[in-house]
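Asker: Following is a predicted model, sequence given first.
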Amino acid sequence: MRRALLAITGLAAGTTALVVLKGSPGTSPVAQELPVAPAPVVPAPAGPTPTGGEVSAAPSPTRTSASPRPGRTVTRAPSSGPSATTRAPSAPRTTRKPPPASTTRTVTGPVVENEYGNVQVQITLRGMRIVDVVALELPEETAQSDQRSEQVDGRYSGSSGLVVQRQSADVDTVSGATATSTSYKRSLQAAIDRAN
Amino acid sequence: MPPRRGPGGRRLLAALLAVGLLASVLPWWLDTPPGSLRTTAATLTAAGRITGLIAGYLLLVQVLMMSRLPVLERWAGGERIARWHRDVGATLLVAVLAHASLILVGYADLEDNPVLTEAGVLLRDHEDMVSAFAAAGILVLVGLTSVRAIRTALPYELWHALHLSSYAVLLLGFAHQFSNGAQLFRPGPVRTGWIAMYALVLAALLWGRVVAPLAFNLRHRLRVADVVAESPDTISIYLTGERLERLELLGGQFFRWRFLARGCWWQSHPFSVSAAANGRWLRLTVKVVGAHTADLRDLEPGTRVWAEGPSGTFTAAHRTRERALLIAGGSGITPIRAMLEELPPGAALIYRARTPADVLLHRELDWLAEARDTAIWYVVGSRHDPGPRQVMSPDGLRRLVPDVARRDVYLCGPPGLVEQSLRVLREAGVPRRQIHLATFEL
Ligand SMILES: Cc1cc2nc3c(=O)[nH]c(=O)nc-3n(C[C@H](O)[C@H](O)[C@H](O)COP(=O)(O)OP(=O)(O)OC[C@H]3O[C@@H](n4cnc5c(N)ncnc54)[C@H](O)[C@@H]3O)c2cc1C
């Protein structure tokens, strides 16, 4: 009986310690592992890659995971604030002339946080036409949010997805996945704005 | 005299189980970036995940410990494993309750729902949660009925049947870990490893509960040879079988016996072997205390016996010193009688009994005292009588056995005697690791 009480106390103390260790940034050596490959700036298949005027690629703050989907980063629920916020992009990198109408270019939207994780969208344009949409980051920390992300991704993304069909960010919200849809549309809208 | 078995195996087992515990929380640690738990919801959910992983692991440990895998019996012994099982069980119950409530409150906070609404959402929208809640419910029931006061109030068979429903917990709780577990829903090494742990435990269960007993009983084919009365309420059952000279049995160990006679075959009860292995017969000495032990008086010679064991570390091989003091109460003499044959000469035995009729195996004890240079004191009477009171005190003990603090002490008897002796022994300066207990309780 005494040992059981000891074990239960250990369980409580251990769990608390783990949560506290992970909760405070920088106290554990693991905190240093963060810097990861720079954000993906996808080269266009043809010609130079002009990136829109003030557009910059937001470096992804999360580490790349072994996620089966290529080109996507696992995101964790954000640490602060329950409301959706747009993370300020880091310093702009290059400023180029507006692109000629016939080349393909990619524009990356900002990282948009919601309570389930981060969303970041990248669009590919030929001239002014959106030809492809890729979600670089979607919340997939839990099985639930992963499922929702997959629904949103399936509906919106791709060269024949809803966004390419509509040519705008004004698409129906995926029911049951409101938060992720909304964040997706915000990042998308910002990317479209940047492209213009 | 059989070679000694040190505490190495037990320590190795404990270390392995501890490493397993760390390994089961590790995926969470690696998956969670530092500084990421700044909201209440995230913190609660994280604690829920940790306790969930721990609960999942402990459940497997619980089943593993009940697998009766021969190596576990050898390393730690059936009675010690039963004690661990009880302590881990209490911890598991708390871990499961913590897991369920932390996840519930964490999700409710995240989605801004009242807790009850969130419980509905969990059950409705998340896969496999109905069975997971059922598993938790069963576990609570099993846990509560194992609280000592409640357990002793229930008939043993009912309690045992209830306890067997823990296997349903294993089954019902399985799926939700993989459909919803943050560390387990993604295919990958963690998920594969977790499933492999389940497979390993099932294999251990199959081996310990089916294959090993089958091999043992096919090899030895035990049968009742004779039933003799030792006292008005105690009998000895003699068994014979095949290849008994190859039986690896230490004096003081016990088997779980199933007598394949009408009315008896469906129950298996633990009894110690009351004589050391001799290659020709086995003997158990049984005090009639209830329905099953009463039925054993009527066993016919020739009755087949199904045995599972041997089990237990209450043996001469597990001693830490050269000399031993044995303290027996009533029918607690059975394992000690068997062990006497395997202890080095110079042992001392204090045999407590309420009345002279309660002294069992008197003749052979006297004979062993002579043959193996063992001092025996029969201390007869109620524990409030002056004689027993005097012996069972630190001074009394030291007077009988001056070097008691440098001996191993083997204690077997009713709970009252065991408790009292433990206290007295500690006062007399016997270190805890030199005290070996058999409580006739699993
Ligand atoms: C390791 C060990 C060694 C034992 N060695 C001996 C021995 O050598 N001689 C002897 O007389 N007794 C021994 N016992 C005690 C014996 O097992 C019980 O007295 C017997 O099972 C009682 O069964 P019953 O139906 O007659 O009595 P009940 O009235 O049904 O039970 C009395 C008590 O015995 C325990 N018990 C009952 N059934 C079981 C079971 N299937 N498994 C475990 N515990 C049970 C319960 O605590 C119960 O409260 C030993 C017990 C253990 C655990």
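Answerer: Yep, that arrived.

Asker: outside of stretch B:17-30, which residues touch it?
Answerer: A:18, A:22, B:46, B:49-50, B:53-54, B:56-58, B:61, B:182-184, B:190, B:197 (CB atoms under 8 Å, 6 or more residues apart in numbering or on different chains). Bear in mind the C-beta positions are built from the backbone N, C-alpha and C, glycine included.

Asker: between those residues, which is closest to residue A:127?
Answerer: residue B:182 (42.8 Å; CB to CB).

Asker: Could you list which residues are in contact with the closest residue to that closest one other than its chain neighbours?
Answerer: Distances taken as CB to CB, 6 or more residues apart in numbering or on different chains place residue A:142 nearest to residue B:182, at 5.2 Å, with adjacent residues excluded. With contacts defined as CB under 8 Å, 6+ apart, residue A:142 is in contact with A:116, B:180, B:182, B:185.

Asker: Per-residue confidence, the residue of the stretch 251-400 of chain B at minimum distance from the ligand, what does it come out as?
Answerer: Scanning the stretch 251-400 of chain B for proximity to the ligand using CB to the nearest ligand atom identifies residue B:290 as nearest, at 2.2 Å. pLDDT for residue B:290: 92.

Asker: Likewise for the one 3 residues further on?
Answerer: pLDDT recorded at residue B:293 is 95.

Asker: So what does the nearest residue to it once chain neighbours are set aside look like in phi/psi?
Answerer: The shortest distance from residue B:293 to any residue that is not its chain neighbour, by CB to CB, 6+ apart, is 5.5 Å, and that residue is residue B:286. Per-residue torsions, residue B:286: phi -120, psi 130 (degrees, to the nearest 10).

Asker: swap in residue B:40?
Answerer: Residue B:40 has phi and psi values of phi -60, psi -40 when expressed as degrees, to the nearest 10.

Asker: Residue A:11: which element?
Answerer: helix A:2-23 (DSSP states H and E).

Asker: Any idea how many residues pack against the residue of the stretch 251-400 of chain B closest to the ligand?
Answerer: Burial of residue B:290 is recorded as 11 neighbouring residues (other CB atoms under 10 Å in any protein chain shown).

Asker: pLDDT value on residue 35, please?
Answerer: If you meant another chain, say so; for now it's chain A. In the prediction, the pLDDT value recorded for residue A:35 is 42.

Asker: nope, chain B please
Answerer: Per the predicted model, pLDDT is 80 at residue B:35.

Asker: and if you look at residue B:186?
Answerer: As predicted, residue B:186 sits at a pLDDT of 83.

Asker: and what of residue A:27?
Answerer: Each residue has a pLDDT score; the one for residue A:27 is 46.

Asker: Same check on residue A:48?
Answerer: Reading off the per-residue confidence, residue A:48 sits at a pLDDT of 41.

Asker: can you pull out the strands in chain A?
Answerer: Taking DSSP state E as the criterion, chain A carries its strands at A:73-75, A:85-86, A:104-108, A:112-114, A:117-126, A:129-139.

Asker: Among the ones you listed, which comes closest to residue B:318?
Answerer: Across the strands of chain A, residue B:318 has its closest neighbour in strand A:73-75 (51.3 Å, CB to CB).

Asker: which residues sit in contact with residue B:274?
Answerer: In this structure, residue B:274 makes contact with B:236, B:283, B:284, B:285, B:333, B:334, B:335, B:337, B:338, B:361, judged by CB under 8 Å, 6+ apart.

Asker: what's the answer for residue A:167, then?
Answerer: Residues counted as contacts of residue A:167 (CB under 8 Å, 6+ apart) are A:129, A:130.

Asker: what's the burial count for the closest residue to residue A:176 other than its chain neighbours?
Answerer: Using CB to CB, 6+ apart and skipping the chain neighbours, the partner closest in space to residue A:176 is residue A:148 (6.6 Å). The number of residues packed near residue A:148 is 22, by other CB under 10 Å.

Asker: can you give me the helices in chain A?
Answerer: Secondary structure of chain A, counting by DSSP state H: helices at A:2-23, A:143-156, A:162-166, A:178-195.

Asker: okay if I get the ones you listed as CSV plus distance to residue B:166 and mean pLDDT?
Answerer: Written out in CSV, the entries for the helices of chain A read as follows (distance: least, CB to CB, whole Å; pLDDT from 0 to 100):
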stretch, distance to residue B:166, mean pLDDT
helix A:2-23, 17, 93
helix A:143-156, 26, 88
helix A:162-166, 49, 90
helix A:178-195, 39, 90
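
Asker: Any idea which of those gets closest to residue B:352?
Answerer: Closest to residue B:352 of these, according to CB to CB: helix A:2-23, at 26.0 Å.

Asker: Which positions within that closest one qualify as buried?
Answerer: By neighbour count on 16 or more other CB atoms under 10 Å in any protein chain shown, the buried set for helix A:2-23 is A:4, A:7, A:8, A:11, A:14, A:15, A:18, A:19, A:22, A:23.

Asker: just stretch A:156-169 next, same as before
Answerer: Counting neighbours by 16+ other CB under 10 Å, one finds that the buried residues in stretch A:156-169 are A:156, A:157, A:161, A:162, A:163, A:164, A:169.

Asker: Residue A:163 is in contact with the first one, correct?
Answerer: To tie it back to what came earlier, the one meant is residue A:156. Yes: here residue A:156 reaches residue A:163: they are 5.1 Å apart, a contact under CB atoms under 8 Å.

Asker: Spit out the residues that contact those two alike.
Answerer: Taking CB under 8 Å, 6+ apart as the criterion, residue A:156 and residue A:163 both touch A:133, A:171, A:188.

Asker: most neighbours, which of these?
Answerer: Neighbours were tallied for each of the shared contacts of residue A:156 and residue A:163 (criterion: other CB under 10 Å), and the maximum of 27 neighbours falls on residue A:188.

Asker: tally of neighbours for residue B:152?
Answerer: Going by other CB under 10 Å, the residues that sit close to residue B:152 add up to 9.

Asker: What score does it have for pLDDT?
Answerer: With respect to pLDDT, residue B:152 has a value of 89.

Asker: Would you mind naming the helix or strand containing it?
Answerer: Since the elements are taken from DSSP H and E, residue B:152 ends up inside helix B:148-153.

Asker: What is the helix or strand following that helix packed up against?
Answerer: The C-terminal neighbour of helix B:148-153 among helices and strands, as given by DSSP H and E, is helix B:156-164. Here helix B:156-164 is seen to pack against helix B:129-145 when contacts are counted using 3 or more CB pairs under 8 Å, 6 or more residues apart in numbering or on different chains; DSSP states H and E.

Asker: Rounded mean pLDDT for the helix or strand hosting residue B:116, please.
Answerer: Using DSSP H and E, the element containing residue B:116 is helix B:115-125. The pLDDT scores in helix B:115-125 average 90.

Asker: which residues does residue B:357 contact?
Answerer: B:231, B:232.

Asker: returning to that earlier point: got phi/psi on the residue nearest to residue B:182?
Answerer: Residue torsions, per degrees, to the nearest 10, at residue A:142 are phi -110, psi 160.

Asker: Show the pLDDT at it.
Answerer: Reading off the per-residue confidence, residue A:142 sits at a pLDDT of 81.

Asker: ok, the helix holding residue A:11 near chain B or not?
Answerer: Yes: in terms of CB under 8 Å from any CB of the partner chain, part of helix A:2-23 sits within range of chain B, namely A:3-4, A:7-8, A:11-12, A:14-16, A:18-19, A:21-23.

Asker: Make JSON lines from these and add distance to the ligand to it.
Answerer: Shown next, in JSON lines, are the residues of helix A:2-23 next to chain B (distance: CB to the nearest ligand atom, whole Å):
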{"residue": "A:3", "distance to the ligand": "19"}
{"residue": "A:4", "distance to the ligand": "19"}
{"residue": "A:7", "distance to the ligand": "23"}
{"residue": "A:8", "distance to the ligand": "25"}
{"residue": "A:11", "distance to the ligand": "28"}
{"residue": "A:12", "distance to the ligand": "31"}
{"residue": "A:14", "distance to the ligand": "33"}
{"residue": "A:15", "distance to the ligand": "34"}
{"residue": "A:16", "distance to the ligand": "37"}
{"residue": "A:18", "distance to the ligand": "38"}
{"residue": "A:19", "distance to the ligand": "41"}
{"residue": "A:21", "distance to the ligand": "43"}
{"residue": "A:22", "distance to the ligand": "44"}
{"residue": "A:23", "distance to the ligand": "46"}
